[in-house]
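Engineer: based on what follows, work out the 3D shape:
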Amino acid sequence: MPFPASTVLGYPRIGPHRELKRALEAYWDGRAGRADLDRVGADLRARTWHTLAGRGLSGLPSNTFSEYDQVLDTAVLLGAVPERFRKEKDPYFAMARGTAETPPLRMTKWFDTNYHYIVPELPPAFRLDATKPLRELREARALGYDTRPVFVGPVTFLLLADDPDLSRLPEVLDEYAKLLGILAAERVEWVQFDEPAFVTDAVTEAHVAAAYDRLAAVAERPSLFVATYFGDPGATLPALAATGVEAIGLDLVRGPVPSVPLTGKTVVAGVVSGRDVWRTDRGAALAALYAVRDLGASVAVGTSCSLTHVPYDLDLEPDLDAALRARLAFADQKVTEVVDLAAAFAGGEAAGEVPAPVVDRVSAPPARRGPYAARRAAQAGLGLPPLPTTTIGSFPQTGDLRSLRARLASGELSDAEYRRHIEAEIERVIRLQERLGLDVLVHGEPERNDMVQYFAEHLDGFAVTRHGWVQSYGSRCTRPPILHGDVRRPEPITVRWTSHARSLTDRPVKGMLTGPVTIVAWSFVRADLPLRAVVHQVAGAIREEVADLAATGVSIIQVDEPALRELLPLRRSAQAEYLSWAVDAYRRATSSAPDGVQIHTHLCYSDANEILSAIDGLDADVTTIESARSHGRILGSLTDGFSRGLGPGVYDIHSPRVPSVEEVSSSLAAVLKTLPADRVWVNPDCGLKTRTYDQVEAALANLVTAAHRARA
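Structural biologist: Okay, the predicted model is just below:
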């Protein structure tokens, strides 16, 4: 069968009003049963197919829904369920979240996105279990829709594993070949294999040929559609084109139209971006479609990648400025763009001019603080004990806090009343930390809905949404701000709350800020400036905030950059340039701090060991970093060159389990084998906003006890 004229590579799955989030959390908390969760999932899948078909899309995907993560789903598909989880009541969620006895699998970022995936462990032997994709395929058929099942491809799956091993490709391909036979028996016409790893340096032409010569040779199979995205496949494209696959997906937003002949293939041309919220340039998209056709290919119109990375529907945002709305397209509007472009292409509508590249206008020299030795001497007056204990910033975001913000937004609560409630919550958090014996305190961030959105709400140049939710992992969602103009800070943002916290205690209280790279990475960013220029604009605003905090007497300021690794280009040839300007932007943002102010930074869940020299280059006085869930792998990358304070996290906050004193002590002992005690901090992996107070109190009490034992 010919490939449909229009399709998307995937669609959001959390629900336009976060229905899946609520169902998951009710199931995890015991407030709902498995049947309740299944009903919500089935309803969301049905609504997705109805929506896509109703907007005129001719090619509908299935198996893009997940209760937690598509990589975890692939692990289950291939039988990669570690033995320690098989005894659990629900092995799937035990792998994702852990249990009281068993820590979860590692978690990290999906390529250069803010989506987190569960890192699979490769089993001794693979064993196919196609229950989930077959169930969803049959669900769609019962509703009248023939769909294209979507899977993470075999090469990408192996490269995403905890111990990547492409030597096992033949074993995995045997299971994928069985899967093709099962789908053929179900009369499936097309199957999609996602291979974003093909745009990285980790995949060679030999890997591509080995995988897809083998699968194309399966006698009874659906037609194969291999989707590459997040960049230019480069040399892997001619290798893929030389195999027997029938269709190839190209990301023509982040990659160029190739020059490789593609005669006899269908190219699913990803001209509508799945990574941003800006309307597609119709003329430029048509020009790309005609250029692909000139390569000899049949052309279908699609998205550059899955629409999982964007919100559902712009129509849910009536409060956005009308001029800004005219520039935007969310997932549903992007589906319409795909359908309209397919019709325009088929009708021979004239192409437009390709926009000229934007010009980088950053020219200011980077700013720097004084040398670390001088700063350390100036900070001796902080009077901290060996192995100081602290947290990363946020404390639990309770339902009461969310209700307060909603009442303020609706006008039910005055600004003065809201402030009194927030000040009371800050005092509660300060007293809790004092009681637990933490050395460096935080105010808990009760006023913040999100570490990026909060700053966006107080900076010019940003817009925020009401319902623009995007899944980050599992039930966790964020509302990325829309960065549409020049960024300026009209007034101080955090000084009020930090000053109040400091007035309540004689212990040091950290000022808490989000760094410029992370604010930009976790926003939908204007397209008329290079990323570097936008980041440096935001760095200027943060620099002003650092100066104001220091002027009020704050002696420790944390400027988080968890997205530093996330924005790293997928090709090694572009990485050094990015890291250079990203590090410069951070140093500019913190350069207004006097030597006596201790600057902290924080990174989490992003394979930070791969960019340790850049983290060192940030020149923060103390770096706290995820370590517990990744089993201390950052420690193996440390060298004598990393000479400042470091806090490898000893408590995994992304799992509800509470680590014992012995578990924390063991993690801390491993740190002290690598680093001298006068450089080690003791802290969780990340902020505590997603946890409950019961979990937090118990875990932090154990963390403090372990630190005191190590001091003794």
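Engineer: for Thr7, give its distance to Leu77.
Structural biologist: Applying CB to CB, to the nearest Å, the value for Thr7 to Leu77 is 22 Å. No exception for glycine: its C-beta is placed from N, CA and C like everyone else's.
Engineer: brain fart, Val696
Structural biologist: For Val696, the distance to Leu77 equals 35 Å [CB to CB].
Engineer: next one: Pro133
Structural biologist: For Pro133 relative to Leu77 (CB to CB), the value is 7 Å.
Engineer: between those two, what contacts are shared?
Structural biologist: When CB atoms under 8 Å, 6 or more residues apart in numbering defines a contact, the residues bordering Pro133 and Leu77 alike are Phe151.
Engineer: just the residues contacting the host helix or strand of Tyr117, thanks.
Structural biologist: Element membership of Tyr117 [criterion: DSSP states H and E] is strand 116-118. Identification of contacts with strand 116-118 by CB under 8 Å, 6+ apart yields 68-72, 75, 95-96, 104-110, 160, 472-473, 476, 605.
Engineer: narrow those residues to those that are buried.
Structural biologist: By neighbour count, with 16 or more other CB atoms under 10 Å, the contacts of strand 116-118 hold 68-72, 75, 95-96, 104-110, 160, 472-473, 605 as buried.
Engineer: low pLDDT regions in the stretch 401-550 of the chain?
Structural biologist: Low-confidence segments of the stretch 401-550 of the chain, defined by pLDDT under 70, are absent.
Engineer: pull the distance from stretch 109-129 to the chain's centre.
Structural biologist: 15 Å (CA atoms, centre = their mean, to the nearest Å).
Engineer: setting aside sequence neighbours, what's the nearest residue to the residue nearest to the spatial centre of the chain?
Structural biologist: Nearest to the mean C-alpha position of the chain, by CA atoms, centre = their mean, lies Asn114 at 1.6 Å. With sequence-adjacent residues excluded and distances taken as CB to CB, 6 or more residues apart in numbering, Asn114 is closest to Trp522, at 5.6 Å.
Engineer: likewise Asp607?
Structural biologist: Excluding the flanking residues, the one nearest Asp607 by CB to CB, 6+ apart is Thr108, at 5.4 Å.
Engineer: what about that neighbour, helix or strand, and which?
Structural biologist: For Thr108, the element it lies in under DSSP H and E is strand 107-109.
Engineer: other residues contacting stretch 16-29?
Structural biologist: Outside of stretch 16-29, the residues within contact range by CB under 8 Å, 6+ apart are 13-15, 32-34, 36-37, 40-41, 43-44, 67-68, 93, 97, 312-313, 316, 467, 469, 474-477, 656.
Engineer: take the contacts of strand 116-118 and keep only those in strands.
Structural biologist: Counting by DSSP state E, the contacts of strand 116-118 place 107-109, 472-473, 476 in strands.
Engineer: and stretch 651-659, what's buried?
Structural biologist: Buried residues in stretch 651-659, counting neighbours by 16+ other CB under 10 Å, are found at 651-659.
Engineer: can you check stretch 291-308 too?
Structural biologist: In terms of neighbour count (16+ other CB under 10 Å), stretch 291-308 has its buried residues at 291-292, 295, 297-308.
Engineer: give me the subset of the residues you listed that lies in strands.
Structural biologist: Using DSSP E, the buried residues of stretch 291-308 in strands are 298-303.
Engineer: format these as a markdown table; extra columns: distance to Phe193 and pLDDT.
Structural biologist: Listed next are those as a markdown table, based on distance: CB to CB, whole Å; pLDDT from 0 to 100:
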| residue | distance to Phe193 | pLDDT |
| --- | --- | --- |
| Ser298 | 19 | 98 |
| Val299 | 20 | 98 |
| Ala300 | 16 | 98 |
| Val301 | 20 | 98 |
| Gly302 | 15 | 98 |
| Thr303 | 16 | 98 |
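Engineer: need those residues in TSV with distance to Arg407, can you?
Structural biologist: Putting those into TSV (distance: CB to CB, whole Å) gives the following:
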residue	distance to Arg407
Ser298	56
Val299	52
Ala300	49
Val301	45
Gly302	43
Thr303	38
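Engineer: between these, which sits nearest Val495?
Structural biologist: Of all these, Val495 sits closest to Thr303, with 42.7 Å by CB to CB.
Engineer: OK, contacts around that closest one?
Structural biologist: 7-10, 270, 272-274, 334, 338.
Engineer: widest-spaced pair of these?
Structural biologist: Spanning the widest gap among the contacts of Thr303 are Thr7 and Ser273, at 15.0 Å by CB to CB.
Engineer: pretty sure Gly352 contacts Ala287?
Structural biologist: Yes - between Gly352 and Ala287 there is a contact at 6.3 Å, judged by CB atoms under 8 Å.
Engineer: between those two, what contacts are shared?
Structural biologist: In terms of CB under 8 Å, 6+ apart, Gly352 and Ala287 are not both contacted by any residue.
Engineer: which one of the two is surrounded by more residues?
Structural biologist: Set Gly352 next to Ala287 and count neighbours by other CB atoms under 10 Å: Ala287 wins out with 18 against 13.
Engineer: can you name the residues that contact that one?
Structural biologist: Contacts of Ala287 (CB under 8 Å, 6+ apart): 351-354.
Engineer: what do you get if the cut-off is 7 Å, keeping everything else the same?
Structural biologist: 351-352, 354 (CB atoms under 7 Å, 6 or more residues apart in numbering).
Engineer: closest to Leu250 out of those?
Structural biologist: For these, the nearest to Leu250 is Val354 (15.9 Å; CB to CB).
Engineer: what separation is there between that closest one and Asp281?
Structural biologist: Separation of Val354 from Asp281 (CB to CB) stands at 9 Å.
Engineer: next one: Val554
Structural biologist: 45 Å.
Engineer: could you do Lys265 as well?
Structural biologist: 25 Å.
Engineer: the two: which is more packed in?
Structural biologist: Lys265 (21 against 16).
Engineer: pretty sure the more buried one is touching Ile248, no?
Structural biologist: Yes - with contact defined as CB atoms under 7 Å, Lys265 counts as touching Ile248 (5.7 Å).
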